[in-house]
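In: A predicted structure for the sequence below; I have some questions about it.
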Amino acid sequence: MAPAWLVLPYFCWSNMDVVAYSLWAGSCGRWLWNRLKRHGSRDSETWPLATADNAKKILHYCNLVQGAYEKTPGEIIERITYGTEAWVVKVAPTTLGYCPPHYILRDPERKEIVLCIRGLNLADHMNYLALADTRKGSQRFDGGYVHRGLLKAAEWLMDNRTELLKEELEKEPGYKLIIVGHSLGAGVASLFTLLLVNHRDVVGNIEREQIQCFCIAPARSMSLNLAIRYSDVINSVVLQDDFLPRTSTPIVKIILLTSLVFTVAVIWWRCIVDTFISEEAMLNDEKRLYPPGRLYHVTYKEPCCCWCSLRRTCHIKTAIPVEGRFERLVLSSTVTGDHHILHYTDFTKKAVKGGAKAFASDVQKIQDNIIATLTAMIRIRCRKLLFKHRVRIYQHWF
């Protein structure tokens, strides 16, 4: 028999209470269903596909940034599958907590000087402090707002690495300067690029077009006006449901300072809170931080019309959106796994191969259509000639 505290309220409710409760329960159920069926691919469903050249660039820099997780030139070369140690100019496996570990690479084939910055080190508490060292609207920069802790790391790079970068660029005139980072390093790379673009004299007054930044799984580092303004030099790459580009600064603090179990609870709670915040309110908040620059979204699963199964297709889409810059967290089993740099490399490689096959098939279709059209034209011409010949023969005999 059911306890009295469970049965009694139903007898005490009026009809209006039952209707109100039913509407509330239905609304909660609808919200929960919409949240559970949401997929990361919806963030870029209206974006155009990236070009094959840009996709190959992303794959190349995903490969290079893996080397920042190693400590010696030999290990870096082996990790990034290059064949000579002469290309590694500088390795900084530790910087006493001022900046994430990084290395500098000279690439004669592409004519680039590349600075690669590694992501968050779970064993280094200084990385946690750098990512958590900010408050909303606490750091102004160039008419906008940036992440204070990441800006400090970028300023350290300006003081300690620009001289070496300048020397390399002077040795190899015409080379481009590429800054690549993953996770925490991506946020540092984006703000370091902002500093370089505004102080190009420290690297030999190279042109703005010679500076490019690729942020892999970036932390939110700058306000919307800066993200749009510097989209010509900064590119951000996000894999499917990756949580970090979708996570606001206060939630990042909570995630870094709590256990894994509590982190999952925080992500769920943030999903609930974000549901009641409109896109307009987010856009009107000038202090809110966003993923920087032009966005590239690597997707490998898309929901079918029945929402029961997924189409496993790899695509890379790109845009410079004002709205929909990965504002909503996604509840999925891959929300943390999609942040790993190896997953970025694997799925980008699949997208590049799939794009090449699709391009080849498209070219083959075009060629087949051209051949079919020419064949049809030849047949029509032959029939006309044959008809004229028969008419002449008929006229000759009759």
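Out: Received it, and whenever you're ready, just let me know what you need.
In: Quick one: neighbours of Gly119, just the number.
Out: Residues lying near Gly119 (other Cβ atoms under 10 Å) number 27. Any C-beta I mention is one placed from the backbone N, CA and C, and that applies to glycine too.
In: end-to-end on stretch 312-324?
Out: 23 Å (Cα to Cα, to the nearest Å).
In: I would like the residues contacting it, please.
Out: 43-44, 47-50, 54-55, 58, 224, 228, 231, 279, 283, 293-302, 347-348, 350-351, 354-355 (Cβ atoms under 8 Å, 6 or more residues apart in numbering).
In: Repeat that for stretch 151-166.
Out: Outside stretch 151-166, the residues that touch it by Cβ under 8 Å, 6+ apart are 89-90, 95, 98-100, 102, 104, 113, 115, 130, 133, 139, 141, 177, 188, 191-192, 194-196, 199, 202-204.
In: List buried residues within the residues you listed.
Out: By neighbour count, with 16 or more other Cβ atoms under 10 Å, the contacts of stretch 151-166 hold 89, 95, 99-100, 102, 104, 113, 115, 130, 133, 139, 141, 177, 188, 191-192, 194-196, 203-204 as buried.
In: pLDDT below threshold where in the stretch 151-300 of the chain?
Out: 250-251, 253-283 (pLDDT under 70).
In: could you redo the last one with a cut-off of 90?
Out: Applying pLDDT under 90 to the stretch 151-300 of the chain flags the ranges 172, 243-244, 246-288, 300.
In: Could you pull out the helices in it for me?
Out: 162-171, 184-198, 224-229, 249-256, 260-275, 279-284 (DSSP state H, counting those that start in this stretch).
In: how about the strands in the chain?
Out: 88-92, 102-107, 112-117, 140-141, 144-145, 176-182, 211-216, 222-223, 234-239, 289-290, 294-299, 302-303, 310-311, 315-319 (DSSP state E).
In: can you redo those strands as TSV with distance to Leu342?
Out: Formatted as TSV, the strands of the chain follow (distance: least, Cβ to Cβ, whole Å):
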stretch	distance to Leu342
strand 88-92	21
strand 102-107	18
strand 112-117	15
strand 140-141	33
strand 144-145	33
strand 176-182	11
strand 211-216	11
strand 222-223	27
strand 234-239	11
strand 289-290	26
strand 294-299	13
strand 302-303	22
strand 310-311	21
strand 315-319	17
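In: Those strands: which one's closest to Ala68?
Out: strand 112-117 (4.5 Å; Cβ to Cβ).
In: Parallel or antiparallel, which strands does the closest one pair with?
Out: Paired neighbours of strand 112-117 in the sheet (DSSP bridges): strand 102-107 (antiparallel), strand 176-182 (parallel).
In: Report the angle between it and strand 88-92.
Out: On the basis of axes from the mean of the first three to the mean of the last three Cα atoms, to 10 degrees, strand 112-117 is oriented at 20 degrees to strand 88-92.
In: Could you export strand 112-117 as PDB, CA atoms only?
Out: Provided in PDB are the C-alpha atoms of strand 112-117 (Å, rounded to 0.1, in the frame of the first residue of the first chain):
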ATOM      1  CA  GLU A 112      56.900  28.600 -42.200                       C
ATOM      2  CA  ILE A 113      58.200  29.300 -38.700                       C
ATOM      3  CA  VAL A 114      55.800  27.500 -36.400                       C
ATOM      4  CA  LEU A 115      55.300  28.000 -32.600                       C
ATOM      5  CA  CYS A 116      53.400  25.100 -31.100                       C
ATOM      6  CA  ILE A 117      52.000  25.300 -27.500                       C
END
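In: Around the nearest residue to His199 once chain neighbours are set aside, how many other residues sit close by?
Out: The spatial neighbour of His199 that comes closest, neighbours along the chain excluded (Cβ to Cβ, 6 or more residues apart in numbering), is Met158 at 7.4 Å. Neighbours of Met158 under the rule other Cβ under 10 Å: 15.
In: Pro292: how many residues sit nearby?
Out: What Pro292 shows, counting by other Cβ under 10 Å, is a neighbour count of 33.
In: Cross-check the contact I'm expecting between it and Ile228.
Out: No: applying Cβ atoms under 8 Å as the test, Pro292 and Ile228 come out as separate, 9.7 Å apart.
In: quick revisit: select, out of the strands of the chain, the one closest to Thr72.
Out: strand 88-92 (6.7 Å).
In: list the contacts for Tyr61?
Out: By Cβ under 8 Å, 6+ apart, the contact set of Tyr61 is Val114, Ile178, Val180, Phe214, Ile216.
In: Scan those and report the most crowded one.
Out: Taking other Cβ under 10 Å as the neighbour criterion, Ile216 ranks highest of those with 33 neighbours.
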